[in-house]
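S.K.: Here is my input, please return the structure:
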Amino acid sequence: MTLKAFIFDLDGVITDTAEYHYLAWQQLADEEVIPFSREENEKLRGLSRRASLETMLKGRVVPEESMLEWMERKNNYYREYLRQITPDALLPGVGEFLISARSLGLKLGLGSASKNARDVLTALQVIDLFDVIGDGHSVVNGKPAPDLFVWVAGGLHVPPNEAVVFEDAEAGITAAKAGGFYTVGIGGDRVQAADFSVDGLGELTPQQVIERLMADQS
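M.R.: Modelled structure (predicted):
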């Protein structure tokens, strides 16, 4: 078995705009009198915008027109925060990791629930390092369904069992495992279901990832 591709989530793996998401959701929650906190925001990791709002509502029924308007308003708040992003917002070691992976001949893909993923990668000045970008526009069923990662792997022309998914959210690890991918968790205890986990990409090299996953198969 040869590993041919690495597929990355965006938030919490490549960069960390979780604070921007939290501030945008909190602003909406305050305006619409929806109980919300930083602790509850953690439950939204890896979820789509709609799934996030549904989680926040805790079963409360809201007209579809209002749901759409609220999601759009939250996204507008978030996009205002994105104006602050520069290449300095890459998490430690990410740039070096991506360049090293490409030098090994690995194909690189992005699998993010964010509909703003391309804008973020452009602001970070790493969009040209990715061969395929899957985002919130790419598939109907978001994480924890495996569809997004399978879609990216298809674009890379690599079967799931020859690709590694790097994720910082439980929903993302669940999705990758359901799709038959190898998994590396970013964030330690939060992603214990992964094949193995580290605090960040700066802690290892692409070659070390390959060696560790392949050793586990022997």
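S.K.: Sketch out the strands for the chain, chain order is fine.
M.R.: 5-8, 107-111, 132-134, 163-167, 182-186, 196-198 (DSSP state E).
S.K.: OK, contacts around residue 131?
M.R.: The contact partners of residue 131, taken as Cβ atoms under 8 Å, 6 or more residues apart in numbering, are 107-109, 155-156. From N, CA and C alone the C-beta is placed, and that goes for glycine too.
S.K.: Where neighbours are concerned, which of the residues you listed has the most?
M.R.: residue 109 (24 neighbours; other Cβ atoms under 10 Å).
S.K.: ok, the contacts of residue 131 vs residue 178, which is closest?
M.R.: residue 109 (17.1 Å; Cβ to Cβ).
S.K.: how far does stretch 23-34 sit from the chain's center?
M.R.: Here the centre of stretch 23-34 is set off from its chain's centre by 23 Å, with Cα atoms, centre = their mean, to the nearest Å.
S.K.: and that stretch, which residues are buried?
M.R.: 23-29, 34 (16 or more other Cβ atoms under 10 Å).
S.K.: Likewise for stretch 31-49?
M.R.: Quick answer for stretch 31-49 (16+ other Cβ under 10 Å): 34, 36, 40-41, 44-49.
S.K.: Which stretches in the chain count as helices?
M.R.: Residue ranges of the helices in the chain, as given by DSSP state H, are 18-32, 38-41, 49-57, 64-82, 94-103, 117-124, 147-156, 170-179, 206-217.
S.K.: Outside of the fourth one itself, list whatever touches it.
M.R.: Outside helix 64-82, the residues that touch it by Cβ under 8 Å, 6+ apart are 17, 20-21, 23-25, 27-28, 31-32, 49-50, 53, 62, 115-116, 119-120, 123.
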